[in-house]
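Asks: Starting from these lines, generate the structure:
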Amino acid sequence: MFCIIDCNLGNLRNVQKAFERLGIRAGISSKKEELESAQAIILPGVGAFGDAIANLQALHLIESIREQVLHKKKPILGICLGMQLFGEESYERGHYRGLGLLPMSIQRLQPKEKLPVPHVGWDDITVKNNSSLLAGLPENPDFYFVHSFAFRPENPQHVLATTEYGEEFCSVIQRENLHGVQFHPEKSQRTGIKLVKNFLSLP
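Replies: Model (predicted):
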């Protein structure tokens, strides 16, 4: 069973339906026991970083996530805000500590061409490092984005793909069993479903 963490932010049912299309049972839960018994973890999210961290803290899930991911090496997929929560800190509406799974910080998008923020709509990714997570995707595939903050590519080793929106930001990251995407695969039609399928097939 796969566990979709419910931190009271985002349309979790859409994420769950993406897994159901592939014949995979993915339960939505905020219970530590179900997180610990799951085969893999999905951390989605839409909204503010500070609210998400506060909700995870109130649910007593922060240390559990760290234990499952860092020590038990359980696969995890962070989606949009969920990926941002992997970082050490965020400057969205203040200064907040993240899960500390990756040595990266979240900064507001500052596109040089004065493009609108948030970044909303379809955009492509540029693959920087090969990975099974991106296997079988078309060249420069399009995905659906909705965000105002992002990782900047500080450590090329962890960056699988970037996207250009008046500046370059990380759109796919990976370190060992940690996988994160800034876009919404559940809203990205066939390409998004293919990425989810790839995640399910990872060893």
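Asks: And the helices in this protein?
Replies: Assigned by DSSP state H, the chain shows helices spanning 12-20, 32-37, 49-58, 62-66, 81-84, 189-201.
Asks: of those helices, which approaches residue 90 most closely?
Replies: Ranking the helices of the chain by proximity to residue 90 (Cβ to Cβ) places helix 49-58 first, at 4.0 Å. Heads up, the C-betas are built off the backbone N, CA and C, glycines and all.
Asks: So which other helices or strands are in contact with the closest one?
Replies: With contacts taken as 3 or more Cβ pairs under 8 Å, 6 or more residues apart in numbering; DSSP states H and E, helix 49-58 sits against helix 62-66, helix 81-84, strand 96-97.
Asks: before we move on, the earlier item: could you identify which of the helices of the chain is most buried?
Replies: A comparison of those by mean neighbour count, using mean count of other Cβ atoms under 10 Å, puts helix 81-84 on top with a mean of 28.
Asks: Which elements pack onto it?
Replies: Helix 81-84 packs on strand 40-43, helix 49-58, strand 149-151, strand 178-181, going by 3+ Cβ pairs under 8 Å, 6+ apart.
Asks: ok now that helix, how far from the chain's centre?
Replies: Here helix 81-84 is found 4 Å from its chain centre; the criterion is Cα atoms, centre = their mean, to the nearest Å.
Asks: related to what we said a few turns ago, so which of the helices of the chain gets nearest residue 126?
Replies: Closest approach to residue 126 among the helices of the chain (Cβ to Cβ): helix 189-201, 14.5 Å.
Asks: for that closest one, packing partners?
Replies: Counting contacts by 3+ Cβ pairs under 8 Å, 6+ apart, helix 189-201 packs against helix 12-20, strand 142-147.
Asks: List just the one of the helices of the chain that sits closest to residue 1.
Replies: Of the helices of the chain, nearest to residue 1 by Cβ to Cβ is helix 32-37, at 7.3 Å.
Asks: tell me what that closest one is packed against?
Replies: If you count contacts as 3+ Cβ pairs under 8 Å, 6+ apart, helix 32-37 packs onto strand 2-5, helix 62-66.
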